[in-house]
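Student: just to be clear, the model below is a prediction. Sequence and coordinates:
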Amino acid sequence: MKFRKSSRPESGVLLTDNLEIHTLEVPKARKLDECNEKSELLNWMKFFDAKTEEELGMLAEKSPAMKKASLRLMELSADEKARQLYEAGLKEQRDSYTRERGALFAVAKNMLEDGEPVEKVMRYFNLTLEDIELLK
């Protein structure tokens, strides 16, 4: 992966061409006008901010994707068992990530204790200097 400067004035830096990240400020969306040129994005921001089923219903009429998301949200919200299964799945993902990260940190710590160069350990495990300090 190569890093290069972006021609985009908003950020100035393109970290990778495989991922695009947008920061959405929902409080600001409440103040925007419906005529805004980015109305699809505005509708998604309103979706995340919706407080009632009526609001979700109105947004669902705007696009098939929003309708699908609204239906799925209502389905998960209404079914206690589905919500518990979803939350259990999320917990398992977080636990698995924590176990994997812990194992990587243990190996990195052993490498440092065996005298491997810090730069090498950082490169192999994609660690920061702060991570290395925590390992020591």
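Tutor: That came through fine.

Student: and what about the most centrally placed residue in the chain, helix, strand or coil?
Tutor: What sits nearest the mean C-alpha location of the chain, by Cα atoms, centre = their mean, is residue 21, with 8.6 Å. With DSSP: H, G, I helix; E, B strand; the rest coil as the basis, residue 21 sits in coil.

Student: need the pLDDT of it.
Tutor: Residue 21 carries a pLDDT value of 71.

Student: could you do residue 5 as well?
Tutor: For residue 5, the pLDDT comes out at 43.

Student: same deal with residue 111?
Tutor: Value for residue 111, per-residue pLDDT: 93.

Student: excluding chain neighbours, what is closest to it?
Tutor: Closest residue in space to residue 111, ignoring its immediate chain neighbours: residue 121 at 5.1 Å, by Cβ to Cβ, 6 or more residues apart in numbering. C-beta: built from backbone N, CA, C; applies to glycine.

Student: okay, strands next: where are they in the protein?
Tutor: Remark: strands assigned in the chain by DSSP state E are 4-5, 13-14.

Student: lowest-pLDDT helix or strand in the protein?
Tutor: strand 4-5 (a mean of 44; mean pLDDT, DSSP states H and E).

Student: quick one, helices of the protein?
Tutor: Assigned helices in the chain, in chain order: 26-29, 39-49, 53-60, 64-78, 80-113, 118-125, 129-135 (criterion: DSSP state H).

Student: nice, that's everything, thank you.
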